[in-house]
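**Q** Generate a structure from the sequence data that follows.
(chains A and B)
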Amino acid sequence: MKKKLERILIALCLFLVLFTVDKLIDIGRQFSGVNRILIPFVLYFIVYLIVGYDVLWKAVRNIFHGQFLDENFLMLIATTGAFGLAIYRGATGQNLEGFDEACAVLLFYQTGEWLQTYATSKSRKSIEHLMGLRPDYANLVVNEAISRVSPEEITVGALIVVNPGEKIPLDGIVVKGTTDLDTKSLTGESLPRNVQIDDDVLSGCINLTSQITIRVTKTFYDSTVAKILDLVENAAMKKSKAENFITKFARYYTPAVITMAVLFAVIGGAVTGMWSTALYRALSFLVVSCPCALVISVPLSFFIALGVASKNGILIKGSNYLEKLNHTKIFVFDKTGTLTKGNFAITAVEPIEKRMEILHLAAIAEKDSGHPIARAIVSAYAQPIESGYTLTNVSGCGVIATKGTEKIYCGNEQLLREQHIDFKPLNVAGSLVYVAHNQTYIGCIVIQDEIKPEVHELLTGLGAMSAQTVMLTGDNAVAAAQIAKKLGLTAYRANLLPQDKVNAVEELINTKQATEALCFVGDGINDAPVLMRADVGISMGGIGSDAALEAADIILMHDDLRGILTAKWLARRTMQIVRQNIIFSLLVKFGILFLSALGFTNLWVAIFGDVGVALLSILNAFRVRCKIRQKLALKKRN
Amino acid sequence: MTKVFRLKDLDCANCAAKMENCIKKLNAIKHVSVNFLTQKMMVEACDDEFDIVMQEVVKICKKIEPDCKIIM
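**A** Next comes the predicted model:
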């Protein structure tokens, strides 16, 4: 690539010298006879060969492969045609001009090609930066000795040592040492994470402070880093509608313009009798007919967007999801674990003077349950719990604990009503656990889940984009309504069992218009079917959760809901730029075609129509990156 | 079976599109995606026909972009 740049620069200098000299003293006039044409031709042709011999060679070779309409061939015809016309003009005694043009077309074409390659390789680097996650080796411990092996060879259960400054090659559990980990390349989170013995560590993190020993829990191909690499590498394979449109368009565009050029030359020449003019205009057509500007600019915009997203800890599985996210008008959130932290805490016990008694009874009943609410009660009681009770789970209602004739009821309103126990229902937000002892109502525990701090910002942001926000929850309608109002959600669906969520999303999908999309945001636990059903499934904290990595379309690597705003914003930005690029290049190309048909333009303008447009749209594509930088900088300042 | 191949010296976006289009027409190919930006090709085909169809794929690539090599 560097060699090519040197060649282009040399040719450019030669061309400029030749061009200036020619304009000043008109080289052709210094000679007479055949030399009048021959000398300028040879001079320009040398520059022409220096800059474009590879294009010419490729064109000739591809003809033998049956590839007539590739751009090398088009350039060959356009430039040799221009040379031919110039010689013809000179030979017929007209003004000698056009050599410079023919030479310049190829020169600019090559410059454009070089810049395109440069730009694309630059943007490829941003993805490769993420690929820098790939660990090269692991320090395997065998019989107290350490040997360096490739991460692929290590089996589950092996012990590996990670020194400060090294990348953790495989997922595992710390068995020795404590350290700080840099998880930035994995999650975008800049604060180091402290890990100690028995903590899970993920491959791809960088060990910062001290040596640790890890017991490997996953083979390389199952480890987090391999999955993420896979995902990012394959993201660009899922093409968006805009990309498909543009490649399809290019497939018809080039042959159509070439046909037009031929028709123009033949018919125009026959009708007006001015063959050289008609031919010259047809040559401009050929130059404009190259489709590369279009074909490259659209995928490049998406590609940059995917790179920007992954740098910010948002994995997007394909450009089609960016496109869909841009059309998303309904955002559906799971409540627990997504809008809330999922760590239930007791906020009140009613009546407060019986607090210990109520907690005591409830802890007996809830002792064996793994439900977060039950765990909250048990941990709040924080005393040894007597055993010997038979625990009966009343599905969806609560638990009955029996010991001899003694009975403890612990559950929702329905449980107490079924047991005909007299009680006064409370009307507060949160999950309510009523406790009764031997048919006597004792009291009630109010448990609430903590709402994530960034939820407000997220919902305001989405509201500003006039998106609907819907919450799905298993809570009762009163509690759901209160939370929905407090957070400013547009709607909620309450009393949902986990399996009802798909239906709820299904119903919402039916209410939206066909052009709009629905996005479901969940924590990746138990909601894989919903993530799949939604047009765009976003899962939170995808790191470490395989189900989330697989089922979701967009993964927020760190548990920050504001990532949704960034993604949505990025999607809108990208689609804007894609649209601008498509419209701009088409307008310019068709404009130039039209003008050259009328004879208002020349080859100089035509080459701008090809190379210039390509470069402008590539530069435009890079704006995806610049703008998001500004936006992120702003966010940090706030 | 789906396999991803690296493409060396694929330097024209339209050629990538052309390759994809031609390969798509092969009967044994279920799905193909040629990506100019990542310089990669993803091929999905039946397991038992995969090697045979890859020979065809190589031929097509060679025809459209002689400089481009599929790294197996």
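**Q** contact partners of the longest helix along chain B?
**A** Using DSSP state H, we find that the single longest helix of chain B is helix B:50-64. Residues from elsewhere that reach helix B:50-64 (Cβ atoms under 8 Å, 6 or more residues apart in numbering or on different chains): A:65-67, A:70, B:1, B:3, B:7, B:15, B:18-19, B:22-23, B:26, B:28-29, B:32, B:41, B:43, B:45, B:68, B:70, B:72. For every residue, glycine as well, the C-beta is placed using N, CA and C.
**Q** Swap in 7 Å and give it another go.
**A** Contacts to helix B:50-64, defined as Cβ atoms under 7 Å, 6 or more residues apart in numbering or on different chains, come from residues A:65-67, B:1, B:15, B:18-19, B:22-23, B:26, B:28-29, B:43, B:45, B:68, B:70.
**Q** What residues sit buried inside that helix?
**A** Of the residues in helix B:50-64, B:50, B:53-54, B:56-57, B:60-61, B:63-64 count as buried by neighbour count, 16 or more other Cβ atoms under 10 Å in any protein chain shown.
**Q** ditto for stretch A:146-156
**A** A:149, A:151, A:154.
**Q** what's the helix or strand where A:Asp449 lies packed up against?
**A** Per DSSP states H and E, A:Asp449 falls inside strand A:440-451. The contact analysis (3 or more Cβ pairs under 7 Å, 6 or more residues apart in numbering or on different chains; DSSP states H and E) places strand A:440-451 against strand A:340-350, helix A:355-366, helix A:372-381, strand A:431-437.
**Q** name the helices or strands packed onto the second one?
**A** Meaning helix A:355-366. Counting contacts by 3+ Cβ pairs under 7 Å, 6+ apart, helix A:355-366 packs against strand A:340-350, helix A:372-381, strand A:398-403, strand A:406-411, strand A:431-437, strand A:440-451.
**Q** now the first one
**A** The elements that strand A:340-350 packs onto, with contact taken as 3+ Cβ pairs under 7 Å, 6+ apart, are helix A:355-366, helix A:372-381, strand A:440-451.
**Q** now the longest helix that chain A contains, how far from the chain's geometric center?
**A** Secondary structure of chain A read by DSSP H shows that its longest helix is helix A:562-598. Mean-position distance between helix A:562-598 and its chain equals 18 Å (Cα atoms, centre = their mean, to the nearest Å).
**Q** sorry, back to before: contacting residues around the strand holding A:Asp449?
**A** Residues from elsewhere that reach strand A:440-451 (Cβ under 7 Å, 6+ apart): A:336, A:339-351, A:354, A:357-358, A:361-362, A:373, A:376-377, A:416, A:421-423, A:426, A:428-436, A:487.
**Q** what does stretch A:199-206 give?
**A** Contact with stretch A:199-206 is made by A:133, A:135, A:167-174, A:181-183, A:185-186, A:195, A:214, A:223-225, A:228, A:543-544, as judged by Cβ under 7 Å, 6+ apart.
**Q** Tell me the span between the first and last residue of that stretch.
**A** Taking Cα to Cα, to the nearest Å, the first and last residues of stretch A:199-206 lie 15 Å apart.
**Q** mind listing what's buried in it?
**A** Residues A:199, A:201-206 are the ones in stretch A:199-206 that count as buried (16+ other Cβ under 10 Å).
**Q** Inside strands: which ones of those?
**A** A:201, A:206 (DSSP state E).
**Q** right, and out of the buried residues of stretch A:199-206, which lies closest to A:Cys13?
**A** For the buried residues of stretch A:199-206, the closest approach to A:Cys13 (Cβ to Cβ) belongs to A:Ile206, at 46.6 Å.
**Q** Quick check: buried residues in the longest helix of chain A?
**A** Neighbour counts over helix A:562-598 (16+ other Cβ under 10 Å) mark A:562-571, A:573-578, A:580-582, A:584-585, A:588-589, A:592-593, A:595-597 as buried.
**Q** Around chain B, pick out the residues from chain A.
**A** A:61, A:65-67, A:70-71, A:117, A:120, A:124, A:233-234, A:236-237, A:239, A:247, A:250-251, A:291-292, A:295-296, A:299-300, A:303 (Cβ under 7 Å from any Cβ of the partner chain).
**Q** which element is the residue in the stretch 501-638 of chain A positioned nearest to chain B on?
**A** Closest contact between the stretch 501-638 of chain A and chain B, by Cβ to the nearest Cβ, is at A:Ala614 (9.5 Å). Assigned by DSSP H and E, A:Ala614 belongs to helix A:613-637.
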